[in-house]
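Chemist: Predicted structure and sequence below. I'll ask about it afterward.
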Amino acid sequence: MSKKLWIIGGLVLALVVAGSVTAVLLLTGGDDDERADPDPSTNVSYPEGLEEYYTQELDWEDCGSDRCADITVPIDYAEPDGDTTELRMRVVGDEDAEQHLFVNPGGPGGSAVDYATTMSVQLGDDVTDAYAIVGVDPRGVGVSSPLECYDDEQFDAYVDTDPTPDDPAEVQASIDQLEGMAEACEKNSGDLAAHVSTVEVARDMDIARALVGDDKLNWFGASYGTYLGATYASLFPENVGRMVLDGAINPELGPVDSALGQATGFQRALEAYIDDCVTDADCPLGTDAAAAQQRLADLLTQLDAQPMPTDAEDRPLTEGQAFFGIALPLYSETLWSELTSALTLAIGEGDGSGLQFLSDAYFERSANGSYGSNIGQVITAVNCLDATERPTFEELEGDVAEFVAVSPVFGRALGLGAGGCSAWPFESEADPVDFSAKGAPPILVLGTTRDPATPYEQAVELADILDSGVLISRDGDGHTAYQSGNECVTDAVDAYLVDGTVPKKDPEC
């Protein structure tokens with residue numbers, strides 16, 4: 001089993017807010033005495049030994065015009081009387097709402113607290129009239145007792161690790177970086193470093209569901225949020241309400257098949273971008289699509305041998321940065337022009353500043369060298385705990401040719417990236433999950449035909465794996481479907497969330 005999106009050093013290509021730009025709202029505070037808070041469920045049931053967590057009293061407070069509280073959960077569910085960690089929950093909307101819609105943007109490592117604010121203005125009015133929107137930062141993420149590993153300077157070196165190691169020394173450098181980050185996670189965050197698996201996060205979500213008074217969990221998960229949602233549905237099928245999984249991941253794929261699928265997805269997205277670019281005489285890749293792709297592959301090869309100067313004299317553009325700088329704009333067609341500008345600088349002027357800027361945006365790195373979130377480190381910790389297969393770089397070398405045949409630009413890095421957990425020292429003790437989620441009500445599974453990060457085929461597969469999965473296909477570019485502006489998708493999802501209307505067949509949007 002393993003999931004999602006593998007890349008060198010354990011990094012995963014998953015946008016923090018699932019391909020959307022987070023809305024920042026200026027909100028005013030309210031009066032605590034006039035606010036109604038969600039009440040715990042009066043009919044709550046809970047696994048043995050977890051009563052104190054399911055029935056805890058929350059200390060609600062204003063956070064802007066919303067309400068927030070901290071939830072206490074056990075670090076290790078096998079030892080519920082042991083150490084605990086805190087989760088931050090934000091409730092956006094009507095405090096008296098009878099239903100809550102939990103949302104998660106993916107990553108793993110994206111902030112659901114922030115995403116709740118974003119989704120409160122992106123969901124249809126009928127949906128926000130029916131639900132208060134809830135975001136819970138998963139354990140180790142955002143403002144939920146964040147996992148602390150490398151400092152900013154150390155993480156810079158981690159990101160700059162060669163994504164296509166060509167000799168034993170470069171392979172060892174990748175292993176050293178991975179082991180070094182694991183040691184830092186354990187040193188700075190203790191037992192939490194070994195307990196941020198998706199199964200544990202899903203169990204946290206069930207506690208959060210009970211604490212807002214809901215008998216059923218209503219869920220909108222994007223990207224990795226689909227993996228988390230599917231895991232929840234499989235562990236608690238009787239507690240599932242209405243669930244939307246957008247930009248779906250096949251949770252049963254191992255790292256090699258997952259990485260190969262992603263190479264296919266990014267190749268499709270890249271070809272769509274190139275086909276658009278070469279229609280313009282000013283395209284930095286030329287006007288021939290095949291030659292344009294080779295030009296990009298050659299650029300990465302050149303950077304592997306010799307990093308390119310940037311505006312920052314002490315920080316040239318590396319192959320790893322260029323990889324992420326090219327990948328990020330493929331998440332949304334609206335970012336294609338940014339990629340063209342960055343490539344114009346790099347290819348036309350030998351200036352890597354544009355691609356480096358896009359890479360930094362990917363990891364939320366500011367100009368002063370600080371990182372806005374720990375997503376780049378949480379990604380590795382979660383993915384590696386979820387992985388049941390951990391092939392080494394040496395074992396994967398024989399697969400590289402197949403990956404390069406699929407994607408000359410991304411193939412080698414993604415192929416070797418499937419070994420990104422080979423040296424991770426922590427393992428999850430969770431039992432394997434049966435992702436059929438037998439007994440759950442209908443679950444909507446959304447897939448986009450040219451989604452780079454979560455290939456369309458995986459949505460088809462997940463809808464088939466789930467006993468009650470219902471597929472909605474979107475023909476288009478970019479990562480995820482609901483926030484793409486496709487009216488057909490929006491109408492189908494909103495009708496399901498509000499009225500429980502399930503499409504009789506795939507509407508093929």
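Modeler: In hand now; what should we look at?
Chemist: Quick check: residue 85 touching residue 73?
Modeler: Yes: between residue 85 and residue 73 there is a contact at 6.1 Å, judged by CB atoms under 8 Å. In this view, the C-beta of every residue, glycine as well, is placed from N, C-alpha and C.
Chemist: any common contacting residues for those two?
Modeler: Residues touching both residue 85 and residue 73 comprise residue 139, with contact defined as CB atoms under 8 Å, 6 or more residues apart in numbering.
Chemist: the strands in the stretch 101-250 of the chain, which residues?
Modeler: With strands called from DSSP state E, counting those that start in this stretch, the stretch 101-250 of the chain shows them at 132-136, 217-222, 240-246.
Chemist: I'd like to know which of these lies nearest to residue 322.
Modeler: Judged by CB to CB, the one of these that comes nearest to residue 322 is strand 217-222, at 26.4 Å.
Chemist: mind checking how far that closest one is from the chain centre?
Modeler: 14 Å (CA atoms, centre = their mean, to the nearest Å).
Chemist: Can you list the neighbours in contact with it?
Modeler: The contact list for strand 217-222, computed with CB under 8 Å, 6+ apart, reads 17-19, 99-106, 119, 123, 131, 205-206, 209, 227-229, 232, 236, 239-247, 480, 482-483, 497.
Chemist: Out of the strands of the stretch 101-250 of the chain, which is closest to residue 302?
Modeler: Nearest of the strands of the stretch 101-250 of the chain to residue 302, taken as CB to CB: strand 217-222 at 35.2 Å.
Chemist: List of residues touching stretch 82-91?
Modeler: 38, 58, 63, 66-76, 100, 113, 116-117, 132-140, 142-145, 190-192, 204, 208, 211-212.
Chemist: no wait, stretch 148-158
Modeler: Identification of contacts with stretch 148-158 by CB under 8 Å, 6+ apart yields 9, 177, 180-182, 184-185, 188-189, 193, 363, 365, 369-371, 374, 376-377, 381.
Chemist: Would you list the buried entries among these?
Modeler: 9, 177, 180-182, 184-185, 189, 193, 363, 365, 371, 374, 376-377, 381 (16 or more other CB atoms under 10 Å).
Chemist: what packs against the host helix or strand of residue 474?
Modeler: Applying DSSP states H and E as the criterion places residue 474 in strand 469-477. When contacts are defined as 3 or more CB pairs under 8 Å, 6 or more residues apart in numbering; DSSP states H and E, strand 469-477 sits against strand 443-450, helix 456-465, helix 487-499.
Chemist: Relative to it, what are the paired strands and their orientations?
Modeler: strand 443-450 (parallel) (DSSP bridges).
Chemist: Let me see the confidence value for residue 485.
Modeler: At residue 485, the predicted lDDT confidence score is 91.
Chemist: okay, among the buried ones among the contacts of stretch 148-158, which ones form the most distant pair?
Modeler: Maximum pairwise distance in those, criterion CB to CB, is 22.3 Å, between 193 and 365.
Chemist: Flag every buried residue along the lowest-mean-pLDDT helix or strand in the chain.
Modeler: Least confident helix or strand, the chain: helix 393-396 with a mean of 86, by mean pLDDT, DSSP states H and E. Judged by neighbour count (16+ other CB under 10 Å), helix 393-396 contains these buried residues: 393, 396.
Chemist: And it, what does it pack against?
Modeler: Counting contacts by 3+ CB pairs under 8 Å, 6+ apart, helix 393-396 packs against helix 168-189, helix 411-417.
Chemist: winner for burial among these?
Modeler: For the helices and strands packed on helix 393-396, average neighbour numbers computed from mean count of other CB atoms under 10 Å are highest in helix 411-417, which has a mean of 28.
Chemist: What is that one packed up against?
Modeler: For helix 411-417, the contact count by 3+ CB pairs under 8 Å, 6+ apart identifies helix 255-277, helix 393-396, helix 400-406 as packing neighbours.
Chemist: at 10 Å instead, please
Modeler: Applying 3 or more CB pairs under 10 Å, 6 or more residues apart in numbering; DSSP states H and E, we find helix 411-417 packed against helix 168-189, helix 255-277, helix 289-305, helix 319-327, helix 393-396, helix 400-406.
Chemist: export the ones you listed to TSV and tack on distance to residue 503?
Modeler: Shown next, in TSV, are these (distance: least, CB to CB, whole Å):
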stretch	distance to residue 503
helix 168-189	43
helix 255-277	24
helix 289-305	36
helix 319-327	32
helix 393-396	40
helix 400-406	32
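Chemist: Worst mean pLDDT among those helices?
Modeler: helix 393-396 (a mean of 86).
Chemist: what's that one in contact with?
Modeler: The contact list for helix 393-396 (CB atoms under 10 Å, 6 or more residues apart in numbering) reads 8, 165, 168, 170-172, 174-175, 255-256, 259, 400, 403, 415-420, 422-423.
Chemist: make it 6 Å
Modeler: The contact list for helix 393-396 (CB atoms under 6 Å, 6 or more residues apart in numbering) reads 171, 416, 418-419.
Chemist: And the residue most central in space within the chain, how far from residue 391?
Modeler: Taking CA atoms, centre = their mean, the centroid of the chain lies closest to residue 107, which sits 1.9 Å from it. Distance, residue 107 to residue 391, using CB to CB, to the nearest Å: 23 Å.
Chemist: Also residue 207?
Modeler: Distance from residue 207 to residue 391, by CB to CB: 35 Å.
Chemist: Quick one: end-to-end length of stretch 393-407, please.
Modeler: Using CA to CA, to the nearest Å, the end-to-end distance of stretch 393-407 comes to 19 Å.
Chemist: That one: how far from the chain's middle?
Modeler: 24 Å.
Chemist: What residues sit buried inside that stretch?
Modeler: Here stretch 393-407 shows 393, 396, 399-400, 403-404, 406-407 as buried, counting by 16+ other CB under 10 Å.
Chemist: Return the member of those nearest to residue 339.
Modeler: Of all these, residue 407 has the smallest distance to residue 339: 16.1 Å, by CB to CB.
Chemist: how far away is the closest residue in space to the closest one that isn't next to it in sequence from residue 322?
Modeler: The shortest distance from residue 407 to any non-neighbouring residue, by CB to CB, 6 or more residues apart in numbering, is to residue 267 (3.9 Å). As judged by CB to CB, residue 267 and residue 322 stand 17 Å apart.
Chemist: the more surrounded of those two?
Modeler: residue 322 (27 against 22; other CB atoms under 10 Å).
Chemist: residue contacts, that one?
Modeler: Counting by CB under 6 Å, 6+ apart, residue 322 makes contact with 300, 303, 355.
Chemist: okay if I get those residues as a markdown table plus neighbour count and distance to residue 49?
Modeler: Shown next, in a markdown table, are those (neighbours: other CB atoms under 10 Å; distance: CB to CB, whole Å):
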| residue | neighbour count | distance to residue 49 |
| --- | --- | --- |
| 300 | 20 | 52 |
| 303 | 21 | 53 |
| 355 | 29 | 51 |
